[in-house]
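Chemist: sequence and computational prediction follow.
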Amino acid sequence: MRQLTLLGAAIMAMAAPAGAQQMIVNVNVEERPSPWVVGTCTIGPKAECPNADLSFADLKNADLTGANLAGARLPRADLRHANLSGANLSGADLDGARMETAFMNGTDLRRASLRGTDLTFIRAGHAIFDDADLTAATLEKAFLKGSSFQRVRLINADLQEAKFYEVNLSGATMQNSRLRFAIFQDAFMGGCTGCPVNWQKGDTVWEAEAKERGRNR
């Protein structure tokens, strides 16, 4: 029966007009249960899941807009492409979580633990990371305009090509972090340890490299 079904589908595809064949697209057909419940938490916008245990949970593409996840346990959870805009993740454990390309505008991450977390390409304008631990985290190509990183630990973090426009880094620790092509335009760095305080005054990384190449010719 399965072979007949596949054969019929193939014949229909061959018989379709050329224009119709060009309209075929790949669709994400990943199914989620309804309601989508993980542990004691019902996944969805404005979810009320403070202190929930979501360790290792598969939450790819989840819409958690405005959710209350304060103090939640999310170590090694998969939050790729999740919408966490306006969510409360203060005090949450997100160690080792995968959060690439997550939407985090206005997200509250105060005192959260994000050690070794992958935040590549996140969109986190005006998010609050105050007092969070981002040791060994990856924020490569992250967009962080207007966010607050006061007293944050960014030790051994990957910040390459991150956009720190107008970010408050007062009291932060940024030691041994990779900063290649990171942008700190109009960032406030008062009391920051290891921050590139002369970023807007001196040569950019690419300008310094161009000068070095010129000297070596």
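Modeler: It's in. Numbers count the residues shown, from 1 in each chain.

Chemist: and the helices in this structure, which stretches?
Modeler: Under the criterion DSSP state H, the chain carries helices at the ranges 2-15, 18-22, 205-215.

Chemist: pLDDT weak spots in the protein?
Modeler: Within the chain, the ranges that satisfy pLDDT under 70 run 1-30, 202-209.

Chemist: residue 127 is in contact with residue 142, isn't it?
Modeler: No: Residue 127 sits out of contact with residue 142 when judged by CB atoms under 8 Å, with a separation of 9.9 Å. Where you see a C-beta, it was placed from the backbone N, CA and C, and this is true even at glycine.

Chemist: what residues does stretch 189-201 touch?
Modeler: Identification of contacts with stretch 189-201 by CB atoms under 8 Å, 6 or more residues apart in numbering yields 154, 169-177, 179, 182, 184-187.

Chemist: from the residues you listed, which two are the most distant?
Modeler: Greatest spatial distance among those (CB to CB): 176 and 186, at 24.6 Å.

Chemist: setting aside sequence neighbours, what's the nearest residue to residue 85?
Modeler: In space, residue 85 comes closest to residue 105 once its chain neighbours are excluded; the distance is 4.5 Å by CB to CB, 6 or more residues apart in numbering.

Chemist: backbone phi and psi for the one you found, please?
Modeler: The phi and psi torsions at residue 105 (degrees, to the nearest 10) take the values phi -60, psi 120.

Chemist: next up, the contacts around it.
Modeler: Per CB under 8 Å, 6+ apart, neighbours of residue 105: 85-86, 123-127.

Chemist: for these, which entry has the maximal number of neighbours?
Modeler: Of all those, the highest neighbour tally under other CB atoms under 10 Å goes to residue 127, namely 28 neighbours.

Chemist: ok so, going back, which among the contacts of stretch 189-201 end up buried?
Modeler: Buried by 16 or more other CB atoms under 10 Å: 154, 169-174, 177, 179, 182, 184, 187, out of the contacts of stretch 189-201.

Chemist: between these, which sits nearest residue 162?
Modeler: Proximity to residue 162 was ranked across the buried ones among the contacts of stretch 189-201 by CB to CB; first place goes to residue 182, at 4.8 Å.
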